[in-house]
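Next input, structure requested:
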Amino acid sequence: MHHRFCLAVSTGLLLACASAWAATENLAPKAKITADSQHSAQYRPALAADGVVPDPGAQDDAGKAWVVNGKTHRDGARITFEWPQPVTVQTVVYFGRTGWVWEENFKSCEVYVDGAAAPAVKAALKIGHGAQPIHLPAPVKLRKLELKFVGSYGGPNPGASEIRIHPTKPTDKELGKFIPPFDGDNAVLPEIEESPLLRQRAKDGSMGFDKLLLVQRHHIKCSHVYTYHCEGQRNGGGLFVLDLRTGRLRKLVDSADGQISSCDLSYDGNEILFSWRKETCYQVYRINVDGSGLVQLTDGEAHNYDACWLPDGDVCFLSTREPLAAYCFFTPVGILFRMRPDGSQQRCISANYLNDFTPAITNDGRIIYGRWEYVDRPAIPIQSLWTINPDGTNLAGFYGNRVLDPASFIEPQAIPGTDKILCTLTGHNGSCRGAIGVIDPVLGDNAQASIRNVTPDVRLRGIEHSSNGPRGPYQTPYPIDDRYFLVSYDGRILLRDYGCTEQAVIIEPQDGMGFYNPRPVRPRLRPPVRASVLPPKAPETDTAVLYLQDVYRGLGPTVKRGEIKRLAVVQEIERGLIDSKGIRRPAFDFQRVVVSCGATYVPKKVYGFVDVAEDGSAVFEVPARRPIYFLALDEQGRAVQRMRSFTHLMPGETQGCIGCHEKRTDVSHSRVPADSIGRTPAKIQPPEWGVKGFNYLEIVQPVLDKHCTRCHSADKAPKGVDLSGDLTDYFCVSYETLARGHRVLRVVYPGNEVSVDNPYTKWISTYNGQEWNILKIEPRTWGSPASKLAEIILADHPDAEGKPKVKLSADEKQRVLTWIDLNVPYYGTAQTAWPEMPGCRRQYPEKLDATLAEVATRRCATCHAGAQAAAAPAKGKPNPKAKSKAKAESKAPTAPPIPCGRWLRITNPHLNPFLRAPLAKSAGGTEKCGQAVFANTDDPDYKAILATFDPVLKGLGERPRMDMPGATPASCVPKER
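Model prediction:
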């Protein structure tokens, strides 16, 4: 998630550009293509000529582009095209790699003909998406063409989406449009008519105000939409009031030694709230509109920011005082709080474990805000709009919880006189600016029709296309009425109509800084104060009550009445904020603290189960102040449907819902079903394994040990199915077998693999690039109903004649089914005992690789030399012919590749294949090497390899990993809430 993405391009435009190439012959696919580097086999050189140019930022260029290993070739690489017969070449066309980040383009290219010492031409390359032609001085007949790329724009793994080679110069039409990345510092105003009349109306006060409250600051350049509060600070600017009649700025607060990020004006137009970062953290301040009465409302070592006025005069704001961090990054998380206007009675009203964003107030008095979550889904979307009462009750989705583009909805503001919301539409990575949209959820809370783009110069790709966008220059919009709005366009304040027919520039950037957060200085209609529904006296227990009217509402026609028997109540467990060497080296893509093999990001806690009545209703207690979700279970205990979002309730709250996956516009979200009133709320039936984080090794492995490992172990593993509980570098052996993906999409670096598709469990991938699965919500699509393991378990593993091989109890079956339906978590906590290790978990012998290489050089080269040579090109080494020549010149063997597998057995390391394969059968080995390299376990080399595991085993004995009995978190790790 650390990458930066820019403006996405419509697929239609790209297809139109691609079709134009049919007119000019492309010689590249007819050539033999080699290179001195490739990131992996999925990014091999031949893919530079496959005819496919992936969309920018689409995160799907695996198998569609040539990409080098950035660790060795980020600053340059060579790719060579050779034809069996001479061909005529005049133009090379380079398409930079933009599938993930725009910076993965090379900077320049030198073209060499038939091995010449000097280049025939040198060309500078630009950062951007599209064709960049490199013309030779004249057509040349050749058999070999070498492109030497020099330098790159800083992306992690540069390359080429496509390279085309032509005998003539393509026309401009054939080349198509070259699209540079959006650069807000050089933004050009859109082609919307500048209206002198509108400008005059703003100046003379005929729009209902003659002054604007403004924040002046530098643009906040942040790495992610959720890091604007803790990255990119540049001192300067301040808080100002602009007199529209005279154009004069009056400074209320000078921020020469700090930065002001946002502000809000009270309903009577007299008081201002603003967020000011003078030293380490943002704090909330209050000041009168005349510049008097400056008061600091918050303090401490946490960020307090994005404050807004509540209708009752209190203040809502965001705070990072809960020591939370995103699972995919390492910055503090800000969530919703409220306080009195003097700063007293500060309390949390959100149970989020990821970021809340930019709260404001709807016309009916609710808080509306952006909320990030990834319950069993990838992390880039979803930052959707949610509402909540000012007392923390009645949490409800507003719009976008299954929308892929835009990735983020932030800075919402209610449009006066309507139920619509004006907000910023932006990406997940990069700065908090993009397009501006009007959201009308009446048309559907995930519908394309509900989004109206009022900045048509910034394209939206469509709600089903994940682009990590949009990118654009707009931010901090504010509606004046139902016709006009104010917005910052890269620091310029614009007044524009929603129809995009006219606009006026109100003020330009000054002193190298822009203006943001425009607010008309005038009284405005105060929304109604929503009375709290919580009991006046705090309840004795931290619980709430949920009334479910009919679980079948929203499940669809494939789920028949009577199928759903119980609900499982599940909590997502937060990650505490720490920074360490391991946090900076994630695994399974971006799991900073590993929880699974690329399935759930988040550990789970099962509170238990509640029965569903025949009519589909249920009334039950739930834990309060916790991010919880529900699974609808059938008679066998399988999750027919799941929530891929969480809710929370406040202590003493009573909330109603009408169904499962029903439309939120069907009824008021908080209404208690009439036929449920008077029923005594049921207590949750706790699981027999206890209410705690779901630890696979503790909860699932005992079932396998009891029923499975006598037939499925390292010594007896039919079809390779080893279900033993030996620890591996990240997990345990049975988890590697039953959960880890068999199809490797990419290897980020050793120990960080991205893989999907396990034959035994159908889990939801949360990797970047897998956003498509967010839209797959049909019942029984995921989890135990779609998993082979569940079929085997429920049938007690029948033999060829259908007779059960084992007999599992109902509780044992529920353990396994629940594990699958929780999206195969391994760890039951995000706490770590090993914060210095990759993914804060990995146990890997420090000297293993070097020892294996040294032993292999002496004892394995004879048999493995062929494999070594064949593997060489994939590692960026000389081609096989060159390797054979070098070997002929020197008979001294080098270390051949030893197949170690994708995971490493830590406990009982002698059972690793690389130790068993060369060991004689008489000594307990398999002799899969074809001969006994090690006659017995006393062989010095065998013992040397095995000894590399001793420090790891000793360390685990002294400091158990968090999946092991007796584990305790490192001292730097915060306690769980």
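
Just the C-alphas of the helix or strand encompassing Trp83, formatted as PDB.
In this assignment (DSSP states H and E), Trp83 forms part of strand 76-96. Extracted in PDB, the C-alpha atoms of strand 76-96 (Å, rounded to 0.1, in the frame of the first residue of the first chain):
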ATOM      1  CA  GLY A  76      19.000   0.200 -15.900                       C
ATOM      2  CA  ALA A  77      18.600  -3.000 -17.900                       C
ATOM      3  CA  ARG A  78      19.100  -4.500 -21.300                       C
ATOM      4  CA  ILE A  79      16.500  -6.300 -23.500                       C
ATOM      5  CA  THR A  80      17.500  -7.900 -26.800                       C
ATOM      6  CA  PHE A  81      15.400  -8.800 -29.900                       C
ATOM      7  CA  GLU A  82      16.800 -11.300 -32.400                       C
ATOM      8  CA  TRP A  83      15.200 -12.500 -35.600                       C
ATOM      9  CA  PRO A  84      16.200 -15.600 -37.600                       C
ATOM     10  CA  GLN A  85      16.300 -13.500 -40.800                       C
ATOM     11  CA  PRO A  86      17.200  -9.800 -41.300                       C
ATOM     12  CA  VAL A  87      14.300  -7.400 -40.800                       C
ATOM     13  CA  THR A  88      14.100  -3.600 -41.500                       C
ATOM     14  CA  VAL A  89      13.600  -1.400 -38.500                       C
ATOM     15  CA  GLN A  90      13.100   2.300 -38.200                       C
ATOM     16  CA  THR A  91      11.100   2.900 -35.000                       C
ATOM     17  CA  VAL A  92      11.000   1.400 -31.500                       C
ATOM     18  CA  VAL A  93       8.000   2.300 -29.400                       C
ATOM     19  CA  TYR A  94       8.300   2.100 -25.600                       C
ATOM     20  CA  PHE A  95       5.300   1.800 -23.300                       C
ATOM     21  CA  GLY A  96       6.400   2.400 -19.700                       C
END
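
any idea of the mean pLDDT in it?
The average pLDDT within strand 76-96 is 97.

and the angle for the following helix or strand past that strand with strand 76-96?
Under the assignment DSSP H and E, the closest C-terminal helix or strand after strand 76-96 is strand 106-113. Relative orientation of strand 106-113 and strand 76-96, computed by axes from the mean of the first three to the mean of the last three Cα atoms, to 10 degrees: 110 degrees.

How about residues contacting stretch 773-782?
Contacts with stretch 773-782, where a contact means Cβ atoms under 8 Å, 6 or more residues apart in numbering, come from 376-378, 381-382, 402, 404, 464, 555-556, 558-559, 640-642, 644, 661, 762-765, 785-786, 823. Placement of C-beta: from N, CA and C, glycine included.

Drop anything exposed from the residues you listed.
With burial judged by 16 or more other Cβ atoms under 10 Å, the buried subset of those is 376-378, 381-382, 402, 404, 555, 559, 640-642, 644, 661, 762-765, 785, 823.

where along the stretch 851-977 of the chain do the helices fall?
Remark: helices assigned in the stretch 851-977 of the chain by DSSP state H, counting those that start in this stretch are 861-871, 880-889, 913-916, 940-947, 950-958.

which regions of this structure sit below the pLDDT cut-off?
1-23, 58-59, 182-190, 661-677, 864-897, 899 (pLDDT under 70).

in it, which residue is closest to the centre?
Taking Cα atoms, centre = their mean as the criterion, Ala379 is the residue nearest the geometric centre of the chain, at 2.4 Å.

Kindly confirm whether my reading is correct that it touches Tyr601.
Yes. Here Ala379 reaches Tyr601: they are 6.7 Å apart, a contact under Cβ atoms under 8 Å.

For the two, list the residues in contact with both.
Common neighbours of Ala379 and Tyr601 are listed as 327-328, 766 (criterion: Cβ under 8 Å, 6+ apart).

So which of the residues you listed is surrounded by the most neighbours?
When neighbours are counted by other Cβ atoms under 10 Å, Thr766 leads the shared contacts of Ala379 and Tyr601 with 29 neighbours.

hang on, the earlier thing: just send the shared contacts of Ala379 and Tyr601 back as a markdown table, with secondary structure and distance to Val747 too.
As requested, these are exported to a markdown table (DSSP: H, G, I helix; E, B strand; the rest coil; distance: Cβ to Cβ, whole Å):
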| residue | secondary structure | distance to Val747 |
| --- | --- | --- |
| Tyr327 | coil | 21 |
| Cys328 | coil | 18 |
| Thr766 | coil | 18 |
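
Outline the domain layout of this protein.
11-180, 186-520, 543-821, 843-958 (automatic domain parsing).

Can you lay out the ones you listed as a markdown table showing distance to Ser971?
Below are these laid out as a markdown table (distance: least, Cβ to Cβ, whole Å):
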| stretch | distance to Ser971 |
| --- | --- |
| domain 11-180 | 33 |
| domain 186-520 | 14 |
| domain 543-821 | 10 |
| domain 843-958 | 15 |
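
can you give me the helices in the stretch 251-400 of the chain?
For the stretch 251-400 of the chain, applying DSSP H, counting those that start in this stretch gives no helices.

which residues in it form strands?
Listed in chain order, the strands of the stretch 251-400 of the chain (DSSP state E, counting those that start in this stretch) span 259-265, 271-277, 282-288, 295-296, 304-309, 315-319, 324-325, 335-339, 347-348, 356-361, 367-372, 383-388, 396-399.

Quick one, which of these gets closest to Asn936.
strand 324-325 (50.2 Å; Cβ to Cβ).

Check the offset of the closest one from the chain's centre.
The chain centroid and the centroid of strand 324-325 are separated by 15 Å under Cα atoms, centre = their mean, to the nearest Å.

all numbers from here: first residue = 25
Right, with 25 as the first residue, what we last looked at is strand 348-349.

counting contacts, what elements does it pack onto?
The contact analysis (3 or more Cβ pairs under 8 Å, 6 or more residues apart in numbering; DSSP states H and E) places strand 348-349 against strand 599-600.

So what touches whatever helix or strand comes next after the strand it packs on?
Under the assignment DSSP H and E, the closest C-terminal helix or strand after strand 599-600 is strand 628-635. Contact partners of strand 628-635, identified using Cβ under 8 Å, 6+ apart, comprise 589-597, 642, 644, 646-647, 652, 657, 706, 708-711, 715-718, 842, 846-847, 849, 852.

residues making contact with whichever helix or strand comes after strand 628-635?
Later in the chain than strand 628-635, the nearest helix or strand by DSSP H and E is strand 642-647. Residues from elsewhere that reach strand 642-647 (Cβ under 8 Å, 6+ apart): 566-572, 575, 591, 593, 595, 631, 634-636, 652, 673, 700, 703-708.

again, only this time at 7 Å
For strand 642-647, contacts defined as Cβ atoms under 7 Å, 6 or more residues apart in numbering pick out 566-572, 591, 593, 631, 634-636, 652, 673, 700, 703, 705-708.

Give me the angle between it and strand 628-635.
Interaxial angle of strand 642-647 relative to strand 628-635 (the same axes, to 10 degrees): 150 degrees.

Alpha carbons only: can I get strand 642-647 in CSV?
Provided in CSV are the C-alpha atoms of strand 642-647 (Å, rounded to 0.1, in the frame of the first residue of the first chain):
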residue,chain,number,x,y,z
ALA,A,642,-33.5,-13.2,16.4
VAL,A,643,-33.2,-11.0,19.5
PHE,A,644,-29.9,-11.2,21.3
GLU,A,645,-27.2,-9.4,23.3
VAL,A,646,-24.0,-8.3,21.7
PRO,A,647,-20.7,-6.9,23.1
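
and Asp962, how many neighbours does it have?
Using other Cβ under 10 Å, Asp962 has 9 other residues around it.
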